[in-house]
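In: Pasting a predicted model and its sequence here:
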Amino acid sequence: MADPLGTSLHHKTVEKRLPRPTKVKNKTPAPVQITAEQIVREAKERQDDEMAPRLGRITDAEELAEYRLKKRKEFEDTIRRVRWNQGAWVKYAKWEESQGDLGRAASVWERTLDVDYHNVSVWLKYVDMEMRHRRINHARNLWDRAVSLLPRVDQLWYKYIHMEEMLGNVAG
């Protein structure tokens with residue numbers, strides 16, 4: 001008897017036919033026997049050789065340029081995904097500084113401040129970078145901007161005054 005959906009109420013067991021196994025013609029043992037363990041080990045070694053990252057040093061300017069371009073792209077992609085994450089910005093700026101490109105590092109710091117200028121730690125780290133590289137006028141300009149944008153943050157004022165005292169500019 002058939003149901004309204006057109007399916008049979010009686011279920012037949014359906015046997016699936018498997019393909020016939022191939023017949024082995026030569027049944028003599030091979031002169032060199034290989035175990036499954038050896039096969040797996042060889043496969044893993046081959047895979048490791050192909051997938052292993054290069055751990056050598058950068059040898060020429062072209063290779064260094066490729067490395068820097070790749071890292072910058074990674075940082076920019078990260079920032080594009082998590083623009084609000086100050087840690088990503090700071091890592092990028094510090095990496096640029098470590099590469100000796102202070103112009104790019106300053107650019108990253110400025111972009112960070114464009115995202116969130118209320119973050120006091122970003123101001124402090126940016127000024128710290130400028131002071132480490134003895135760019136005193138840049139640091140002064142940053143302190144002026146910081147205290148004018150965030151006049152009620154005492155820490156900025158204290159650090160600014162401390163820097164001027166260290167430089168011997170007490171009257172300033």
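Out: Yep, that arrived. Residues are numbered from 1 along each chain as shown.

In: Restricting to C-alpha, output the helix or strand hosting K44 in CSV.
Out: Using DSSP states H and E, K44 sits in helix 36-51. Taking Å, rounded to 0.1, in the frame of the first residue of the first chain, the C-alpha atoms of helix 36-51 are listed here in CSV:
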residue,chain,number,x,y,z
ALA,A,36,53.6,0.9,7.4
GLU,A,37,55.7,2.8,10.0
GLN,A,38,58.4,3.5,7.5
ILE,A,39,55.9,4.7,4.9
VAL,A,40,54.3,7.1,7.4
ARG,A,41,57.8,8.4,8.5
GLU,A,42,58.9,9.0,4.9
ALA,A,43,55.6,10.8,4.2
LYS,A,44,56.0,13.0,7.3
GLU,A,45,59.7,13.9,6.3
ARG,A,46,58.6,14.9,2.8
GLN,A,47,55.8,17.0,4.2
ASP,A,48,58.1,18.7,6.7
ASP,A,49,60.6,19.5,4.0
GLU,A,50,58.0,21.2,1.9
MET,A,51,56.3,23.1,4.7
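
In: And whichever helix or strand comes after that helix, what's buried?
Out: Next helix or strand after helix 36-51 toward the C-terminus (DSSP H and E): helix 61-81. Within helix 61-81, the residues that count as buried by 16 or more other C-beta atoms under 10 Å are 68, 72, 75, 78-79. The way it works is simple: take the backbone N, C-alpha and C, and place the C-beta from them, glycine included.

In: counting contacts, what elements does helix 61-81 pack onto?
Out: Judged by 3 or more C-beta pairs under 8 Å, 6 or more residues apart in numbering; DSSP states H and E, helix 61-81 is in contact with helix 86-98.

In: by contact count, what packs against the helix it packs on?
Out: Counting by 3+ C-beta pairs under 8 Å, 6+ apart, helix 86-98 packs on helix 61-81, helix 102-115, helix 120-132.

In: Now with 6 Å, please.
Out: helix 61-81, helix 102-115 (3 or more C-beta pairs under 6 Å, 6 or more residues apart in numbering; DSSP states H and E).

In: can you list contacts of the first one?
Out: Looking back up the chat, that one is helix 61-81. Residues outside helix 61-81 that contact it (C-beta atoms under 6 Å, 6 or more residues apart in numbering): 58, 88, 92.

In: burial measure for the last one, as a count.
Out: Think Y92. Y92: 23 surrounding residues under other C-beta atoms under 10 Å.

In: What sits closest to it if chain neighbours are left out?
Out: Closest residue to Y92 apart from its sequence neighbours, by C-beta to C-beta, 6 or more residues apart in numbering: F75 at 4.2 Å.

In: so where's this protein uncertain?
Out: Low-confidence segments of the chain (pLDDT under 70): 1-14, 48-55, 171-172.
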